[in-house]
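Undergrad: A predicted structure for the sequence below; I have some questions about it.
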Amino acid sequence: MTVPFLDLGAAYRELKTDIDAAYARVAASGWYILGPEVEAFEAEFAAYCGVRHCVGVGCGLDALHLILRAMDIGPGDEVIVPANAYLATWLAVSMSGATPVPVEPDPETHNLDPARLEAALTPRTRAILALHLYGLPAEMDAICSVASRHGLKVIEDAAQAHGARYQGRRAGSLGDAAGFSFYPTKNLGAMGDGGAVTTDNPELAARIRMLRNYGTRVKYRSEELGVNSRLDELQAALLRVRLKSLDSWNQRRQSVADVYLREFQETPLALPRTAAGMSPAWHLFVVRAAQREHLIETLERSGVGWSVHYPVPPHLQAAYARPEWPKGAFPIAEQLADEVLSLPIGPHLGEQEVRRVAAVVREGLRTCT
Ligand SMILES: *Cc1c(COP(=O)(O)O)cnc(C)c1O
C-alpha cells in the first residue's frame, strides 16, 4: 500500500458536481476578474473568520505585503518575524522595503516565543508578523500584549491556518489584519493562485482594495502606486464551494492528527503541542526526530509520502545572506530545520492509510540504532 503525501485530486472529486457548476456559471457570465463571485466570497470569508472586511488578492505573499504597505510600513522600519518562518513571511516584509527582524521560536510549539520579543524591539520596530505555523495558532494573547505595550501592529500570517481557533476566535481575527493564501495545497485551496486580507479596520481594507488594483478606486484614476494583485472570478467561485466544507475537512484532519498523537505517544518523536483553548487547522503534521534520515529512508522504502517544512531557515538562504546572520545565528530555528519531518495529513487520507503511516514510522523508530 502506497500513501501519497497529498492527494489534491481527491479534493476535487468529492465536490466535483458543485465545482463544475461554479466554473460553468463563471464561464457563461462573461465576467472574469473582480466581480460578483469575488464580492460574495469576500463577504462569506469575512463572516467565517468573524471580521468585518475581507479583500481578495492575487496570492498570500501579496496579502501580507499589501497589509504592510497599507499600514505605511516600509524603508527604515523593522518588522518582527519568526526565525523558522516560511520564506514568504520574510519576503513580504522585504518587498515592503522594511527589514525583517528574526525572533527564535519556542522549540515545543515551533511558533514565536513571546518571551523573546521584547529583546528584539528597537525604536524602528513597527509590527509583529505572527505566523500560525503548520496551522497551530501562535500565542496571540502574549504577542498582542507585548505589541500593545509598545504601540506595535500585529499582523497574522494565516496562510496555514484557515479555520483554526484560538480562545474561540478564528485565525484571521486575532490581530490588526491577517494574510491568507489559497495556494492549492492550503486547507482552503484554489486551483491556481489566490489570497485574501481579513481585518476589522475599514480604512485599511479600503486602502488594500485600492492598492490591489493599480492604486485606483475609480476606474482610470490612480491615487497611489499600486499593483496588480486580484483574485479572479473562477478561483472565487471555487473557494465559495470549498468554504462550505472547510470545517468538516479540518475535522477530518483533526482525526488523522488524533491517531498520530496516540500512536506516537511513547516514542522518542517530539510531537506537536497544542495548548488549552487552541483548535489547530492541522495544515501539516510535523514531528521532530533526531534520526530523521533513517525515518525518511524507511518511509521511502515503504511507499509513504513525506516532506520537510522547511529544510533551510530564511536567514541561511542565499537570498538573505547577510554578515550578521551567519550559520549559528538562530540555533533553535536551525535545529528545527534539521529535525522536522512532515507526515501525510489531509481530509482525504483514509483510516487504513493513516494506520499504515503510523506502522511504518514505528517500524522506522524500532530499526534505528
Ligand atoms: C503559502 C504561504 C505563504 C504564501 O502564499 P502564496 O499564496 O504562495 O503567495 C505565506 N506564508 C505562509 C506561512 C505560507 O504557508
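TA: Structure received. Please read all numbers here as calculations on a predicted model, not as lab measurements. Residues are numbered from 1 along each chain as shown.
Undergrad: and the residue of the stretch 1-150 of the chain nearest the ligand?
TA: residue 60 (2.4 Å; CB to the nearest ligand atom). From N, CA and C alone the C-beta is placed, and that goes for glycine too.
Undergrad: next one: stretch 126-139 to chain centre, how far?
TA: Distance of stretch 126-139 from its chain centroid, counting by CA atoms, centre = their mean, to the nearest Å, is 9 Å.
Undergrad: quick check: next helix or strand after the lowest-mean-pLDDT helix or strand in the chain?
TA: When the helices and strands of the chain are compared on mean pLDDT, DSSP states H and E, strand 221-222 comes out lowest with a mean of 88. As assigned by DSSP states H and E, the chain's next helix or strand after strand 221-222 is helix 233-263.
Undergrad: helices or strands up against that following helix?
TA: Packing contacts for helix 233-263, counted by 3 or more CB pairs under 8 Å, 6 or more residues apart in numbering; DSSP states H and E, involve helix 16-29, helix 36-49, strand 285-288, helix 351-366.
Undergrad: ok, now with 6 Å
TA: helix 16-29, helix 36-49, helix 351-366 (3 or more CB pairs under 6 Å, 6 or more residues apart in numbering; DSSP states H and E).
Undergrad: would you list those in TSV and tack on mean neighbour count?
TA: Converted to TSV, the helices and strands packed on helix 233-263 look like this (neighbours: other CB atoms under 10 Å):
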stretch	mean neighbour count
helix 16-29	14
helix 36-49	19
helix 351-366	17
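Undergrad: of all those, which lies closest to residue 211?
TA: helix 36-49 (15.3 Å; CB to CB).
Undergrad: compute the inter-axis angle for that closest one and helix 16-29.
TA: On the basis of axes from the mean of the first three to the mean of the last three CA atoms, to 10 degrees, helix 36-49 is oriented at 140 degrees to helix 16-29.
Undergrad: ok, residue 174 touching residue 138?
TA: No: at 8.4 Å, residue 174 does not count as touching residue 138 under the criterion of CB atoms under 6 Å.
Undergrad: which one's more surrounded, these two?
TA: residue 138 (32 against 28; other CB atoms under 10 Å).
Undergrad: mind listing what the more buried one touches?
TA: 111, 112, 130, 132 (CB atoms under 6 Å, 6 or more residues apart in numbering).
Undergrad: from these, which land in strands?
TA: residue 130 (DSSP state E).
Undergrad: the least confident helix or strand of the chain: partners in the sheet, and parallel or antiparallel?
TA: Within its sheet, strand 221-222 is paired with strand 216-218 (antiparallel), according to DSSP bridges.
Undergrad: average pLDDT across stretch 226-241?
TA: Regarding stretch 226-241, the rounded mean pLDDT is 97.
Undergrad: er, stretch 175-193 actually
TA: The model assigns stretch 175-193 a mean pLDDT of 98.
Undergrad: gap between the two ends of that stretch?
TA: Distance between the boundary residues of stretch 175-193 (CA to CA, to the nearest Å) amounts to 24 Å.
Undergrad: is the ligand contacted by that stretch?
TA: Yes: using CB under 6 Å from any ligand atom, stretch 175-193 reaches the ligand at 181, 183, 193.
Undergrad: ok, and what's touching stretch 198-205?
TA: With CB under 6 Å, 6+ apart as the criterion, stretch 198-205 contacts 49, 51, 52, 53, 54, 55, 70, 172, 177, 178.
Undergrad: ok, the first one - contacts?
TA: The reference is to residue 49. 170, 172, 173, 198.
Undergrad: grab the nearest non-local neighbour of it.
TA: residue 172 (3.7 Å; CB to CB, 6 or more residues apart in numbering).
Undergrad: ok, now the fourth one?
TA: Nearest residue to residue 53, sequence neighbours excluded (CB to CB, 6+ apart): residue 205, at 3.6 Å.
Undergrad: the strand or helix carrying that neighbour versus helix 36-49: what angle between them?
TA: In this assignment (DSSP H and E), residue 205 forms part of helix 202-211. Here the directions of helix 202-211 and helix 36-49 differ by 150 degrees (the same axes, to 10 degrees).
Undergrad: tell me how far helix 202-211 lies from the chain's centre.
TA: 22 Å.
Undergrad: stretch 33-45 too?
TA: Stretch 33-45 has its C-alpha centroid displaced from the chain centroid by 21 Å (CA atoms, centre = their mean).
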